[in-house]
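**Q** Predicted model follows, preceded by the sequence.
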Amino acid sequence: MSKSYQKIYDILYDHYGPQHWWPGDTQIEIIVGAILTQNTNWKNVEKAIINLKDNGVLTVPALKSIAVDSLAEFIRPAGYFNVKAKRLKNFIHFVYAEYDGDLKMMGKETFDVLRPKLLAVNGIGQETADSILLYAFDKPIFVVDTYTKRILTRHHLVPEDIDYHGLQEEFMAALEPDAKLFNEYHALIVRVAKDFYQRKSNGADSPLNVLFD
DNA sequence: GACCAGGCACATC
DNA sequence: GATGTGCATGGT
């Protein structure tokens, strides 16, 4: 095992235990959440998801039928609601154009075929694509986010100017290509980050602060 | 009231 | 190719 990626994982897992990610029950709920959480607090996303559920819109066909303006109103609490409504629509159009509206069919694609297709959808960038691949379709790909970069650069494990792909390669070269491991690892990183910033605002301290310092 | 939150696309130089 | 900006709500 190169560097200390496994060690960081072990520290986090021993402290927090399994995170049971993604916080969502169905594939479409996971995908919608992945788009809505772009640069947005998860609590706000939850409010939007509840609106969609309560109004019976959290299905692929319902998202196809609903007018983009109505959709935007439902997801208002998640912020950027106009652009995100369009992004959800873009994804749904893609599912119908390529897979006849069938996520199961979509899931049969290998991730090296599916990833570029997702990235071609306007509004789906690298992190969103990888979140969908890993958490909705169980494909073994490591999801990188701003927390991941912050932890590694502050440990001087990677250069400051490393890009998304470089960072992803770091983990995927160092770890077994296991969807379960990648799932848990990313979730733990988000968990420790939230935990840290909350404690920081409370003025408390923790041994895990070394992960951010 | 400023600042941040599990990004992304697009404009401009 | 690098850097800047709009998108927007809700919690601290």
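**A** Thanks, I have the structure now.
**Q** Next, name the residue at the spatial heart of chain A.
**A** Nearest to the mean C-alpha position of chain A, counting by Cα atoms, centre = their mean, stands residue A:131 at 3.8 Å.
**Q** residue ranges with poor pLDDT in chain A?
**A** Low-confidence segments of chain A (pLDDT under 70): A:1-3, A:201-213.
**Q** Tell me the residues of it that contact DNA strand C?
**A** Contacts of chain A with DNA strand C, taken as Cβ under 7 Å from any atom of the strand, map to A:39-41, A:43-44, A:47, A:76-77, A:79-84, A:201. Every C-beta, even on glycine, is put in place using the N, C-alpha and C of the backbone.
**Q** Helices - which of the residues you listed land there?
**A** Residues of those located in helices (DSSP state H): A:43, A:44, A:47, A:81, A:82, A:83, A:84, A:201.
**Q** In chain A, mark out all the helices, start to finish.
**A** Under DSSP H, chain A gives helices at A:5-16, A:27-36, A:42-54, A:60-65, A:68-74, A:81-99, A:103-107, A:111-119, A:126-131, A:146-154, A:164-174, A:179-202.
**Q** Out of the residues of chain A next to DNA strand C, grab the one that's most surrounded.
**A** residue A:84 (24 neighbours; other Cβ atoms under 10 Å).
**Q** Grab the nearest non-local neighbour of the residue in chain A that DNA strand C sits nearest to.
**A** DNA strand C sits closest to residue A:79 of chain A, with a gap of 2.5 Å, by Cβ to the nearest atom of the strand. In space, and not counting its chain neighbours, residue A:79 is closest to residue A:40: 5.1 Å by Cβ to Cβ, 6 or more residues apart in numbering.
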